[in-house]
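Chemist: The following block contains a protein sequence and its predicted model.
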Amino acid sequence: MEKRPISLCNLLCCHGRRSQKSVFVIFVIGLIYLLFILYGEVINRHHIVNRTNCFQNFLSNPKCIYFNENKRRIATIIEGSERQPGTGSGRTSTINIAVQGTNLTKLSSKTSSDLKNTHFTENTENDFTKITLKPNFSQMINASQQVSTISAPYLLQNKNLCSSVKNLSTLIIVHTACDHFTRRQLARQTWANHTFYTTIGEFRILFLLGKPKYETIQKMIRDESEKYEDVLQGNFIDTYHNLTLKGVMAYKWLSERCKNVKFILKIDDDIVVDLFKVFVDILPKYASLKRQIVCNHLYKDTMPIRRKNNSKWFVHHRHFRGKNAYPTAYCSGFMILFTNDLMPLFFSSSKVTPFFWVDDVYLYGLVPGNVPGVKYSSFQGQWQMLDGQKALRCYRNATKNCDYLAIGSSGKAETEDIWSHIVERYLHSILARKH
């Protein structure tokens, strides 16, 4: 007689009360196990939300959220403060980070003290007389226009942005397009809000713009400048090919209006910077040094000149004729740290350096190349990740070391998520120092 396979129906219907009880017990155990997994997931998500909610939504959720990490209570206190002179915001938020059992004040004051004892070093007349254009560079560059921002007036500026701040360590200058209002506002609200860092260093931010094509955009920029007092606008059309003009405008303004700062940090507006790392780990290394550029350093004769006219960086054959690579060292422009003693020297150098539209080559290669004693160095380690999603995947993997200074971001949600991880990593680093 053929044996049939035992089905669930056989068990329930044909094997009596004992079999039914066994199946019922298995079913209940499985259900309990499933509920246990779901409960754990809910708790885990609640824990993550509690840990990051303050950092992601601190402007809209002014509450204090506590969480435990390694059995130490970390309190992130978010409190509203009235408008401060120069900030331009009606209601700003201040994050004060306190760690039970950790002397954050002592840790921070050392960093602040190191930076307060440094200041802008005046260059002598002899320093400027040594600035000369390298032989044959004028013919190689073969400029097609003048650097108009050397003498052009500013359309919008806050003359007191630097001078009004005591012990100003760093000015962040941001190359931004006229209509990137959301990017600028997001920076002000998250990683570039100077009120979050008062225990470790003083900085301000300055957004660099040219003129838009439409008056409606210009009116919005004027309103933005009046509100936040952190806009520098030049008298040139804001286009990709005019970024060199924007950079020279910055050199000029910094030479005139920002002599009391030690460092200049230049970034693009799609970059999020871990300023905790900058203040604690980077700036103290260069506090006593002069004529320093720290960046993604590209060596002379290594970067190809793009000759195909479909390239974003197309360079006509009349410029650097016969050259396949740029005959100068320079920096990738997405993030560069300068000591501020270089700004007047670079502005002076831009007066003798013929215009070239590729801004990274001109501003951070050709212009510095005419100044004696400039020292290039590179940020150490895996310091940049320009793909924001890759950076976030790394942050979420507890087994990986994601020691980024500069992170690319494509939008609001991504920036807020990156910012929350930066804050959380800083809190972890405080605990690590305690141990």
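Modeler: Everything's here; your move. What you are looking at is a predicted structure, and each value in this text was computed from that prediction instead of being measured. Numbers count the residues shown, from 1 in each chain.
Chemist: Need the contact partners of stretch 346-355.
Modeler: 128, 131-133, 137-138, 141-147, 150, 244, 248, 251-252, 254-255, 362-363, 366-368, 370-371 (Cβ atoms under 8 Å, 6 or more residues apart in numbering). Backbone N, C-alpha and C define where each C-beta goes, glycine included.
Chemist: Sitting in helices, which of those residues do you find?
Modeler: Among these, the members falling in helices (DSSP state H) are Phe128, Phe137, Ser138, Ile141, Thr244, Val248, Tyr251, Lys252, Leu254, Ser255, Val367, Pro368.
Chemist: residue ranges with poor pLDDT in the stretch 201-350 of the chain?
Modeler: Within the stretch 201-350 of the chain, no range satisfies pLDDT under 70.
Chemist: Let's verify Phe24: helix, strand, or coil?
Modeler: Judged by DSSP: H, G, I helix; E, B strand; the rest coil, the three-state class of Phe24 is helix.
Chemist: Would you confirm that Ile264 belongs to a helix?
Modeler: No: applying three-state DSSP, one finds Ile264 to be strand, outside a helix.
Chemist: Return the residues in contact with it.
Modeler: Thr170, Leu171, Ile173, Leu254, Cys258, Leu337, Phe338, Thr339, Asn340, Leu342, Met343.
Chemist: For those residues, work out which two are farthest apart.
Modeler: Farthest pair in these (Cβ to Cβ) is Cys258 and Leu337. Separation: 15.0 Å.
Chemist: wait, Asp360 sits on Thr328?
Modeler: No: look at Asp360 against Thr328 with Cβ atoms under 8 Å: they stay out of range, at 10.7 Å.
Chemist: Quick check: neighbours shared by those two?
Modeler: In contact with both Asp360 and Thr328: no residue, using Cβ under 8 Å, 6+ apart.
Chemist: Pick the one among the contacts of Ile264 closest to Met385.
Modeler: Leu337 (17.6 Å).
Chemist: list the contacts for the residue nearest to the closest one when sequence neighbours are not counted?
Modeler: Closest residue to Leu337 apart from its sequence neighbours, by Cβ to Cβ, 6 or more residues apart in numbering: Val294 at 4.2 Å. Shown in contact with Val294 (Cβ under 8 Å, 6+ apart): Ile282, Tyr286, Ile336, Leu337, Phe338, Tyr376, Ser377, Ser378, Phe379.
Chemist: list the contacts for the most centrally placed residue in the chain?
Modeler: A centroid search over the chain (Cα atoms, centre = their mean) returns Val273, at 2.5 Å, as the residue closest to the centre. Val273 makes contacts with Ile172, Trp191, Ala192, Leu265, Ile267, Met335, Leu405, Ala406, Ile407, as judged by Cβ under 8 Å, 6+ apart.
Chemist: What of Pro212?
Modeler: With Cβ under 8 Å, 6+ apart, Pro212 has these contacts: Cys178, Asp179, Gln218, Ile221, Asp238.
Chemist: Let's see which of those end up in strands.
Modeler: The strands, defined by DSSP state E, take in nothing from the contacts of Pro212.
Chemist: Spell out for me the PyMOL command that would select the buried members of those residues.
Modeler: To isolate the buried ones among the contacts of Pro212 in PyMOL, judged by 16 or more other Cβ atoms under 10 Å, type:
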select buried, resi 178+218+221+238
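Chemist: ok, of the contacts of Pro212, which one's closest to Arg425?
Modeler: Distances from Arg425 to the contacts of Pro212, taken by Cβ to Cβ, are shortest for Asp179, at 32.4 Å.
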